[in-house]
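>>> make a model of this:
(2 chains, ligands or ions: 1)
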Amino acid sequence: MIKLYDYVLSVNCYKQRLLMSILDVPYESIPVDFYPGWEHKSEAFKKINPLGHIPVIDDDGYILWDAHAILVYLAAKYDPSGQWYPAGDPERIGETASWMLFAEGTTNTASAARLCVNLEYDFDLEACQAGAHRLFRVLDEHLWFRERQGLDWVCSGAHPTIADLALFPDVVLSEEGGISRMDYPALRRWTDRFRRIPGFVPMPGIFPPAAVKAGSPD
Amino acid sequence: MAGTAGANGECQNRAVLDQWHPVGAIDEAEPNVVHVTRLLGESISFAVTPEGRSAAWRTRSDLTAGTPVDPESVTGTLPSRCEFLYVWTSLGDPPEGSFHIPEFFEPDRRNFNACTLGVYTSAPRAVENFLDMGHFPFVHDGYLGSEPRTEVVDYNVHVDGDTNEIWATECQFWQPAASATATEGQMVEYIYRIMQPYSILLYKSCPAAPERMDLIGLFVQATSEEHCRGHMFLSLIDDESSIGHIRRFVQTIFAQDLPIIENQNPKRLPLDPQAETPIRSDRASIRYRRWLSDLGVTYGVIPAA
Ligand SMILES: [Fe+2]
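Here you go, the predicted model:
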């Protein structure tokens, strides 16, 4: 069974839990004491990932790190429909790669702001927040044009991809980093659509779809 | 707000300046090194000795974060103390002693900081959320509550005449997973105790020792009027669970609250009894708001007209 080196409040670990839940892939969560233990920085953990980062997966001895790389691997291997990582379609695979790189940006701004606020990481909070707003503005406009074409997801085609999945947690937890989504209506509609994907699981801090219907602000 | 925060955001409210405020967990602060945090709109530094003595001061350029320092050699310091797992300091004239937690010293208890997490809300909003059982089934579904068992049965609230602390007693709630060790749902008894404007403790029936209670504290560090850090204090009778397992449980619960409290507007707590619908303002929180008014707290709140 796949082992996921995991921390309950990590967005990047959550991305893996979310994809494996959607694809119905069984896995074992190996809890890493990220905070307050900083176990991912320990010598023992650096034998697993010398960068000292989580998530890492161990799929029957095959070790892989970097959240977005793991998504590529899991989708390529475990999604029989070939939709989450549309490897057979050059245009859609190009778009997926492009928006996955964009998601590195949301991770380094929106999710970095969350680490500043929640755990006092020594980043420039205002720069992270401003950077996130710049990217959210671009994404909101992109999704608005998509909607006008009758499309629901960041890449073309009718099915969501791992690019949506890589972006969703960074976006939906942005309030924790002090980044309001008030001004991004298309972005908010996209997060609501994403929550209704079969197999969706929340993480602490994210409302499940039922709670959203009950009138919560997200 | 006049009298609340100055032009640079620093606190001007006597009632709050004169309190003891937590600035960090002792166990998480490497000894003899400068740690920098924020309190009441100002940058504050502190250091602890390996023996657990502390010094705190307004941050200055010759002692940046991470600099080795002997805390006892620092001059021009603020009042500070190490107590109940945390370093506490004050920007005013604090009382000689602070509140008491006799249970903390019982030899078979496990006392530790479960986590310190920053939140985009005022300190009083964080305390009020902690006090509110009504949200358990909706926000902590499957843990501290579950639909349709949403009823908050009536309980008692009083202010202790000697200590001026708020006590809410005989609270009860049905919980599917009341703690890290719970294997089935149970009716759980709660007592809430508010010792200081930004510090609250809850006593909860303890699965391992029916005649005793587990203690869960939320000691809030108001970093500014609209942002705070919550220090989760635990004093448990549980020799079964690993600390890691308990911490994951508590951090999960804590993070479940974030979207709720971060979306409460305004972020400062309105003290005017007419200001918000009574749904959230049950009896304990009505009392808490009035008590804050009586104490003259204006920082992190919107004072009643
Ligand atoms: Fe809560």
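>>> tell me the contacts of A:Glu28?
Taking Cβ atoms under 8 Å, 6 or more residues apart in numbering or on different chains as the contact definition, A:Glu28 lies against A:Met1, A:Ile2, A:Lys3, A:Leu4. All C-beta spots, glycine's among them, are computed from the backbone N, C-alpha and C.
>>> chain B: which of those is nearest?
The shortest approach to chain B among the contacts of A:Glu28 belongs to A:Leu4, at 14.3 Å (Cβ to the nearest Cβ).
>>> that closest one and A:Pro31 touch, don't they?
No. No contact is recorded between A:Leu4 and A:Pro31 when judged using Cβ atoms under 8 Å, the distance being 9.7 Å.
>>> who's more crowded, the two?
Between A:Leu4 and A:Pro31, counted using other Cβ atoms under 10 Å in any protein chain shown, the more crowded position is A:Leu4 (23 against 17).
>>> that one looks like it's in a helix, true?
No. Going by DSSP: H, G, I helix; E, B strand; the rest coil, the assignment for A:Leu4 is strand, not a helix.
>>> report the contact partners of it.
A:Leu4 neighbours (Cβ under 8 Å, 6+ apart): A:Cys13, A:Gln16, A:Arg17, A:Met20, A:Tyr27, A:Glu28, A:Ser29, A:Ile30, A:Pro55, A:Val56, A:Ile57.
>>> just for chain A, where's the confidence low?
A:210-218 (pLDDT under 70).
>>> could you give me the buried positions within whichever helix in it runs longest?
Ordering each helix of chain A by length in residues (DSSP state H) puts helix A:125-148 first. Going by neighbour count (16 or more other Cβ atoms under 10 Å in any protein chain shown), the buried part of helix A:125-148 is A:125, A:128-129, A:131-133, A:135-136, A:139-140, A:142-143, A:146.
>>> and the residues you listed as JSON lines, adding distance to B:Gly76?
Supplementary listing: the buried residues of helix A:125-148 in JSON lines, determined by distance: Cβ to Cβ, whole Å:
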{"residue": "A:Leu125", "distance to B:Gly76": "28"}
{"residue": "A:Cys128", "distance to B:Gly76": "33"}
{"residue": "A:Gln129", "distance to B:Gly76": "34"}
{"residue": "A:Gly131", "distance to B:Gly76": "38"}
{"residue": "A:Ala132", "distance to B:Gly76": "39"}
{"residue": "A:His133", "distance to B:Gly76": "40"}
{"residue": "A:Leu135", "distance to B:Gly76": "44"}
{"residue": "A:Phe136", "distance to B:Gly76": "44"}
{"residue": "A:Leu139", "distance to B:Gly76": "49"}
{"residue": "A:Asp140", "distance to B:Gly76": "50"}
{"residue": "A:His142", "distance to B:Gly76": "54"}
{"residue": "A:Leu143", "distance to B:Gly76": "54"}
{"residue": "A:Arg146", "distance to B:Gly76": "59"}
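>>> of these, closest to B:Met232?
A:Leu125 (22.7 Å; Cβ to Cβ).
>>> and the residue in the stretch 201-305 of chain B that chain A sits nearest to, its phi and psi?
Among the residues of the stretch 201-305 of chain B, B:Ala255 lies closest to chain A, at 3.4 Å counting by Cβ to the nearest Cβ. As for B:Ala255, its main-chain torsions (degrees, to the nearest 10) stand at phi -70, psi -30.
>>> was I right about it contacting A:Pro202?
No. Under the contact definition of Cβ under 8 Å, B:Ala255 does not touch A:Pro202, with a separation of 10.5 Å.
>>> which of those two has more residues huddled nearby?
For B:Ala255 against A:Pro202, the residue with the higher neighbour count under other Cβ under 10 Å is B:Ala255, and the figures read 21 against 17.
>>> quick one: the closest residue to that one other than its chain neighbours and B:Pro148, what's the gap?
Taking Cβ to Cβ, 6 or more residues apart in numbering or on different chains as the measure, B:Ala255 lies nearest to A:Pro204, with 3.4 Å between them; neighbours along the chain are not counted. According to Cβ to Cβ, to the nearest Å, A:Pro204 and B:Pro148 sit 23 Å apart.
>>> any idea which of the contacts of A:Glu28 has the most stuff around it?
By neighbour count, taken as other Cβ under 10 Å, the most surrounded of the contacts of A:Glu28 turns out to be A:Leu4 (23 neighbours).
>>> okay, B:Ser205 and B:His100: tell me how far apart.
When B:Ser205 is compared with B:His100 (using Cβ to Cβ), they lie 21 Å apart.
>>> the helix-or-strand element of chain B with minimal mean pLDDT and chain A in contact?
Across the helices and strands of chain B, mean confidence by mean pLDDT, DSSP states H and E is lowest for helix B:136-139: a mean of 90. Yes. On the criterion Cβ under 8 Å from any Cβ of the partner chain, helix B:136-139 is in touch with chain A at B:Phe138.
>>> what does the stretch 1-150 of chain B have sitting close to chain A?
Counting by Cβ under 8 Å from any Cβ, the residues of the stretch 1-150 of chain B that sit close to chain A are B:25, B:27-28, B:37, B:65, B:113, B:115-120, B:138.
>>> ok, now with 7 Å
B:Glu28, B:Thr37, B:Cys115, B:Leu117, B:Gly118, B:Tyr120, B:Phe138 (Cβ under 7 Å from any Cβ of the partner chain).
>>> which SSE is A:Gln165 in?
Careful, residue A:165 is Leu; it's not Gln. Taking DSSP states H and E as the definition, A:Leu165 sits inside helix A:162-172.
>>> that helix vs helix A:125-148, what angle?
Angle, helix A:162-172 to helix A:125-148, by axes from the mean of the first three to the mean of the last three Cα atoms, to 10 degrees: 130 degrees.
>>> who does the helix or strand following helix A:162-172 touch, helix- and strand-wise?
Tracing the chain C-terminally past helix A:162-172 and defining elements by DSSP H and E, one meets helix A:185-195 next. Packed against helix A:185-195, as judged by 3 or more Cβ pairs under 7 Å, 6 or more residues apart in numbering or on different chains; DSSP states H and E, are the following elements: helix A:125-148, helix A:162-172, helix A:209-213.
>>> which one of those helices lies closest to B:Val48?
Checking the helices and strands packed on helix A:185-195 against B:Val48 by Cβ to Cβ gives helix A:125-148 as the closest, at 25.9 Å.
>>> angle of the closest one against helix A:185-195?
Going by the same axes, to 10 degrees, helix A:125-148 makes 80 degrees with helix A:185-195.
>>> which other helices and strands does helix A:125-148 contact?
Secondary elements touching helix A:125-148 (3+ Cβ pairs under 7 Å, 6+ apart): helix A:90-106, helix A:112-119, helix A:185-195.
>>> what's the offset of it from the middle of its chain?
Centre-to-centre, helix A:125-148 and its host chain are 15 Å apart (Cα atoms, centre = their mean, to the nearest Å).
>>> can you name the farthest residue from the center of chain A?
The centre of chain A is farthest from one residue, A:Glu43, which by Cα atoms, centre = their mean lies 27.2 Å away.
>>> for stretch B:124-143, measure first residue to last.
By Cα to Cα, to the nearest Å, the extent of stretch B:124-143 from end to end equals 24 Å.
>>> just the element for whichever residue of chain A sits closest to chain B, please.
Residue of chain A nearest chain B, by Cβ to the nearest Cβ: A:Pro204 (3.4 Å). Using DSSP H and E, A:Pro204 is not contained in any helix or strand.
>>> now swap in B:Thr37 and tell me
B:Thr37 belongs to strand B:35-39 when elements are defined using DSSP H and E.
>>> show me the contacts for the residue lying farthest from the centre of chain B.
In chain B, the residue that sits farthest from the middle, by Cα atoms, centre = their mean, is B:Asp62; the gap is 31.5 Å. B:Asp62 makes contact with no residue under the criterion Cβ atoms under 7 Å, 6 or more residues apart in numbering or on different chains.
>>> I'm done for today, thanks for sticking with me.
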